[in-house]
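1. With the sequence up front, the predicted model follows.
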Amino acid sequence: MGSLARLIVGVPIALIVTGGLFLFMAAMIKQDPRLNEAEDALNINITAQIDDSDLNSANKEFKRPTLDTPPPPPPAVNDPSNRPALDGVRAQIPTINANLSIGSGFNPDRDAQPLVRIPPQYPERCQSRSSDRETVLLEFDVTPEGQTTNIRVVDSSSTCFNRAAARSVERWKYQPKIVDNEAQWRRGVQTQITFELADE
């Protein structure tokens with residue numbers, strides 16, 4: 001209800017103020033004496049010529065700068081004993097009797113290398129019966145495609161963590177083992193996973 005009353009009162013007041021400002025500005029424009037006077041037209045002459053300077057007289061006034069005389073050339077040396085010897089130092093090249101095989105420096109073979117290692121989730125069911133730090137030692141194989149397989153627990157401080165550790169290793173990705181430029185199985189990879197309770 002209050003907004004309707006403001007609208008009914010405010011709109012006429014706004015119209016009156018706007019009309020008053022409009023009339024005030026119109027009166028100010030009519031009183032400006034500069035608008036009633038005819039101003040002188042601006043005189044622009046596009047046929048005006050620029051006076052050319054006399055190039056001949058300018059060239060006559062120009063004087064070339066005098067250059068310094070160059071220094072005399074160095075005296076020639078005609079004494080043959082003053083020339084340096086061009087024979088250089090002569091020495092015998094030493095011989096090294098060594099059988100070295102440095103190879104090509106490039107070995108394409110490599111062992112399986114981890115790409116993605118996803119950390120395990122701490123199992124909630126193990127919190128009440130575990131210590132602050134638990135470890136699980138796992139062994140697994142890496143396929144030629146880089147997948148982990150044949151995951152088995154070798155040693156564990158608490159069997160409650162075995163399943164969570166194995167699930168974590170299942171999601172790991174590896175670069176496969178390369179032998180003679182071919183991907184091979186890598187068997188018997190061991191890793192230890194540690195479970196620790198975060199301090200709160």
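-> Cool, the structure landed.

2. How is the closest residue to residue 152 other than its chain neighbours assigned, secondary-structure-wise?
-> What sits nearest to residue 152 in space, not counting adjacent residues and going by Cβ to Cβ, 6 or more residues apart in numbering, is residue 139, at 5.5 Å. C-beta: built from backbone N, CA, C; applies to glycine. Secondary structure, DSSP: H, G, I helix; E, B strand; the rest coil: residue 139 is strand.

3. quick one: the strands in this protein?
-> Taking DSSP state E to define them, one finds strands in the chain at 113-116, 133-142, 148-156, 173-175, 177-179, 182-184, 186-196.

4. Sketch out the low-pLDDT regions of this structure for me.
-> For the chain, the stretches with pLDDT under 70 are 1, 32-62, 77, 79-91, 93-108, 199-200.

5. which secondary structure elements does the longest helix seen in it contact?
-> As assigned by DSSP state H, the longest helix anywhere in the chain is helix 2-31. Under the contact definition 3 or more Cβ pairs under 8 Å, 6 or more residues apart in numbering; DSSP states H and E, helix 2-31 sits against no other helix or strand.

6. Could you list the buried residues of that helix?
-> By 16 or more other Cβ atoms under 10 Å, helix 2-31 has no buried positions at all.

7. Kindly report the same for stretch 114-133.
-> 120, 123, 126, 130.

8. Spatially nearest residue to the last one (excluding sequence neighbours)?
-> Spatially, and ignoring its direct neighbours in sequence, residue 130 is nearest to residue 158 (5.6 Å; Cβ to Cβ, 6+ apart).
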